[in-house]
Each structure stands twice: as C-alpha cells, then as structure tokens.
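Enquirer: fold the following, please.
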Amino acid sequence: MHQSTLTQRLLISLLLITTCFSPAIFSWIQSESGNWYRSFIVWFVVIVVAFLLQREKGHKP
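Expert: Here you go, the predicted structure:
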C-alpha cells in the first residue's frame, strides 16, 4: 500500500473518531470538577499526532 494512501486513511479514521467522541471530550474538558490542564492534554495529543504524521512522510529533497 502506498504511503500517502495509508496517511489519508489514517486521517479520515481520526476525523471520524473525533467526530464521534467530540461531545464527550468537550464535556470532559469543560467539567467544573476537572483540573485546569485538561484542555492542554487534548492539545498535546493533537500536536503529537501531527508530529508523528509529519515524521512518517520523511524529508524528501
């Protein structure tokens, strides 16, 4: 399987999962009894996933 096809499938899967779980994630982030750093955890995960996807592409001159 070609690398770009694999990346596209992964991104589509992540978008579908995010769409399904976004109400639960947003309510978890905005919970009154939650910790102040919950929103930072979500953004950290987004940055790590983006980094890993970018690293998979590799450096092509």
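
Enquirer: give me the number of residues near residue 10?
Expert: Taking other Cβ atoms under 10 Å as the criterion, the count of residues near residue 10 is 14. For glycine as for every other residue, the C-beta is placed from the backbone atoms N, C-alpha and C.

Enquirer: for it, give me its contacts.
Expert: By Cβ atoms under 8 Å, 6 or more residues apart in numbering, the contact set of residue 10 is residue 53.

Enquirer: in which helix or strand would I find the most centrally placed residue in the chain?
Expert: Using Cα atoms, centre = their mean, the residue of the chain that lies closest to the mean C-alpha position is residue 46, 4.0 Å off. Secondary structure from DSSP states H and E places residue 46 in helix 38-57.

Enquirer: what is that helix packed up against?
Expert: With contacts taken as 3 or more Cβ pairs under 8 Å, 6 or more residues apart in numbering; DSSP states H and E, helix 38-57 sits against helix 3-29.

Enquirer: so the helix it packs on versus helix 38-57, what angle?
Expert: If you take axes from the mean of the first three to the mean of the last three Cα atoms, to 10 degrees, helix 3-29 sits at 180 degrees to helix 38-57.

Enquirer: now helix 3-29: mean pLDDT?
Expert: When pLDDT is averaged over helix 3-29, the result is 84.
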